[in-house]
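Engineer: from the sequence below, what's the structure:
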Amino acid sequence: IPGNDDIAGYELRGYNNFKSKAKGTNSSNACWMAYLGKHPHAGLIHEIHIAESALDIMAFVQVNRLRLKLDECIFVSFGGTFADGQMKKLLETFPGAEPVLHFDNDLNGIIYDCRTASIMAGKDLKCQIKEFSDGQHVCFTLGEKAFTVPLEKLSYDSFRERSGLREKLTVWKAPEPMKDWNDV
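Structural biologist: A predicted model of the protein is given here:
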């Protein structure tokens with residue numbers, strides 16, 4: 001759990017794409033975290049790099065290590081799922097640090113990007129996919145505001161444009177056509 005050094009669970013990965021979490025893992029608030037710099041102190045962290053799995057964030061670091069200031073970064077995995085409590089605790093533990101999102105290049109990954117911006121803005125976000133005459137749309141409710149984005153045009157940028165949110169965060173996806181950083 002961000003801000004606490006006690007182990008709160010384990011992310012499990014294995015043969016034949018096995019993915020799970022150990023029994024008793026706190027998936028609501030805990031996440032896998034690694035600091036690769038020389039001076040671990042929350043005040044020095046300027047970027048929180050977040051991915052869906054530890055393998056994704058490790059692959060991201062391996063590919064981009066020369067472009068990163070390791071002393072100023074913490075690397076985080078949400079263990080395959082996104083819980084609001086994980087993000088809220090990270091932002092609370094590392095105030096002033098900018099989230100850098102590395103979620104997958106799929107619907108869930110884009111929704112995780114949008115949820116992060118909503119949490120940073122202190123607003124509730126609800127979304128669902130609905131069928132309209134012109135195709136499927138993602139219908140968002142952000143606080144009191146409701147809007148839709150055509151499913152085929154959904155991106156963090158299209159959400160940001162329609163939502164009006166301008167939170168300071170970076171979205172750094174794996175290069176297309178890769179689904180995630182582990183594929184890279």
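
Engineer: use CA for all of it now, contacts and neighbours both
Structural biologist: OK.

Engineer: next SSE downstream of the longest helix along the chain?
Structural biologist: Of all segments of type helix in the chain, defined using DSSP state H, the longest is helix 107-120. Stepping forward along the backbone from helix 107-120, the first helix or strand reached (DSSP states H and E) is strand 125-132.

Engineer: contacts for the longest helix of the chain?
Structural biologist: Under the contact criterion Cα atoms under 8 Å, 6 or more residues apart in numbering, helix 107-120 has outside partners 82, 84, 87-88, 101, 103-104, 124-125, 142, 154-156, 159-160, 165-167, 169, 171.

Engineer: what's the model's confidence in it, averaged?
Structural biologist: Averaging pLDDT along helix 107-120 yields 98.

Engineer: what comes up buried for it?
Structural biologist: Neighbour-count burial for helix 107-120, counted by 16 or more other Cα atoms under 10 Å, picks out 109-120.

Engineer: also stretch 121-140?
Structural biologist: For stretch 121-140, the neighbour count (16+ other Cα under 10 Å) marks 125, 127, 137-140 as buried.

Engineer: what sits against Glu144?
Structural biologist: The contact partners of Glu144, by Cα under 8 Å, 6+ apart, come to none.

Engineer: do the same with Gly143
Structural biologist: For Gly143, the residues meeting the contact criterion (Cα under 8 Å, 6+ apart) are 123-125.

Engineer: could you do Lys126 as well?
Structural biologist: Contact criterion Cα under 8 Å, 6+ apart gives 140-142 as the residues in contact with Lys126.

Engineer: so what pLDDT did the spatially most distant residue from the centre of the chain get?
Structural biologist: Relative to the mean C-alpha coordinate of the chain, counting by Cα atoms, centre = their mean, the farthest residue is Ser133 (32.0 Å). Per-residue pLDDT puts Ser133 at 96.

Engineer: so where's this protein uncertain?
Structural biologist: In the prediction, the chain carries residues with pLDDT under 70 at positions 40-43.

Engineer: can you pull out the strands in it?
Structural biologist: With DSSP state E as the definition, the chain shows strands at residue ranges 11-14, 18-21, 32-34, 47-51, 73-77, 98-101, 125-132, 135-142, 145-150, 170-171.

Engineer: including distance to Asp5, could those strands go into TSV?
Structural biologist: Formatted as TSV, the entries for those read as follows, by distance: least, Cα to Cα, whole Å:
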stretch	distance to Asp5
strand 11-14	16
strand 18-21	19
strand 32-34	10
strand 47-51	17
strand 73-77	14
strand 98-101	21
strand 125-132	30
strand 135-142	34
strand 145-150	39
strand 170-171	27
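
Engineer: of those, which stretch is the most buried?
Structural biologist: Across the strands of the chain, the average number of neighbours (mean count of other Cα atoms under 10 Å) peaks for strand 47-51, which reaches a mean of 25.

Engineer: looking at the strands of the chain, spot the one closest to Asn182.
Structural biologist: strand 47-51 (10.2 Å; Cα to Cα).

Engineer: the closest one pairs with which strands?
Structural biologist: Applying DSSP bridges, strand 47-51 is found paired with strand 73-77 (parallel), strand 98-101 (parallel).
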